[in-house]
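>>> Predicted model follows, preceded by the sequence.
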Amino acid sequence: MDFTTLLIILIIFIIAFSISFFIPEMKYRIAYYMILALLFLSALNIYLSIVYYIQLRNTPGVPGVQGDKGAPGTKGAPGRCSFSSTCSIENARDKILNVASTMYSIDKSCLDKPSLQTCKTQDVLDQALPINAQVNMLEQIANNSQMSEDDFMSKIKVCLQDSSGCMDATDF
């Protein structure tokens with residue numbers, strides 16, 4: 001009990017006790033004290049019931065025995081980035097350029113920055129420009145991807161062979 005509750009009970013008790021001085025006959029005074037005692041016990045019972053109900057409602061019980069093991073759930077998608085702090089693939093541009101260079105037999109520097117100086121001929125430059133656009137798009141996907149590196153590398157080959165199949169990050 002806090003101080004204000006105790007003070008209120010004490011004031012009520014003093015008022016009830018002072019009322020008893022106005023009762024002249026001793027039999028009625030004793031009956032009055034008995035009624036006050038029963039009233040006090042009833043009020044105390046109600047008060048304690050409410051206090052302990054609130055206290056026990058907010059207190060967790062004793063943990064029980066663990067139940068039977070349930071059926072296994074469905075298998076999730078493999079290779080999602082969940083343990084690393086950065087969910088991007090490291091050195092993605094170099095890896096993409098290596099794959100593209102071996103697929104198309106074009107120099108890596110030509111695919112990285114296509115120009116007449118790096119590609120040497122106009123035919124190679126014309127072939128390298130769309131591949132460079134595809135490499136740039138794949139690099140952006142790699143930097144924002146939550147895929148594992150192995151899954152990403154396998155999809156790179158598909159995208160570089162058929163660029164119409166993955167024109168943006170949503171198709172990847």
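That came through, no problem.
>>> Counting by contacts, list what the host helix or strand of Ile8 packs against.
Assigning secondary structure by DSSP states H and E places Ile8 in helix 3-19. Helix 3-19 is packed against helix 26-57, with contacts defined by 3 or more C-beta pairs under 8 Å, 6 or more residues apart in numbering; DSSP states H and E. Backbone N, C-alpha and C define where each C-beta goes, glycine included.
>>> how distant is stretch 43-58 from the center of its chain?
36 Å (C-alpha atoms, centre = their mean, to the nearest Å).
>>> got it, and stretch 21-35?
Mean C-alpha position of stretch 21-35 versus that of the full chain (C-alpha atoms, centre = their mean) differs by 67 Å.
>>> Also stretch 99-109?
Worked out by C-alpha atoms, centre = their mean, stretch 99-109 lies 43 Å from the chain centre.
>>> circling back: can you list the neighbours in contact with the helix holding Ile8?
Residues outside helix 3-19 that contact it (C-beta atoms under 8 Å, 6 or more residues apart in numbering): 32, 36, 40.
>>> For these, give me JSON lines that also has neighbour count and pLDDT.
Below are the contacts of helix 3-19 laid out as JSON lines (neighbours: other C-beta atoms under 10 Å; pLDDT from 0 to 100):
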{"residue": "Tyr32", "neighbour count": "15", "pLDDT": "93"}
{"residue": "Leu36", "neighbour count": "16", "pLDDT": "92"}
{"residue": "Phe40", "neighbour count": "14", "pLDDT": "88"}
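>>> and Pro24, which of the three is it?
Per DSSP: H, G, I helix; E, B strand; the rest coil, the secondary structure class of Pro24 is coil.
>>> number of nearby residues for Gln161?
Here the number of neighbours of Gln161 (other C-beta atoms under 10 Å) works out to 10.
>>> List the residues that contact the nearest residue to it once chain neighbours are set aside.
Nearest residue to Gln161, sequence neighbours excluded (C-beta to C-beta, 6 or more residues apart in numbering): Met103, at 7.2 Å. Taking C-beta under 8 Å, 6+ apart, we find Met103 in contact with 157, 160-161.
>>> next one: Gly64
Counting by C-beta under 8 Å, 6+ apart, there are no residues that Gly64 touches.
>>> Look up how far Gln117 lies from it.
75 Å (C-beta to C-beta, to the nearest Å).
>>> Equivalent analysis for Asn58, please.
Taken as C-beta to C-beta, the span from Asn58 to Gln117 is 76 Å.
>>> Neighbour count for these two, which is higher?
Gln117 (10 against 7).
>>> Walk me through the domains of this structure.
The record's domain parsing of the chain by automatic domain parsing lists 3-57, 92-165.
>>> Single out the most deeply packed of the ones you listed.
Ranked by mean neighbour count, those are led by domain 92-165 with a mean of 16 (mean count of other C-beta atoms under 10 Å).
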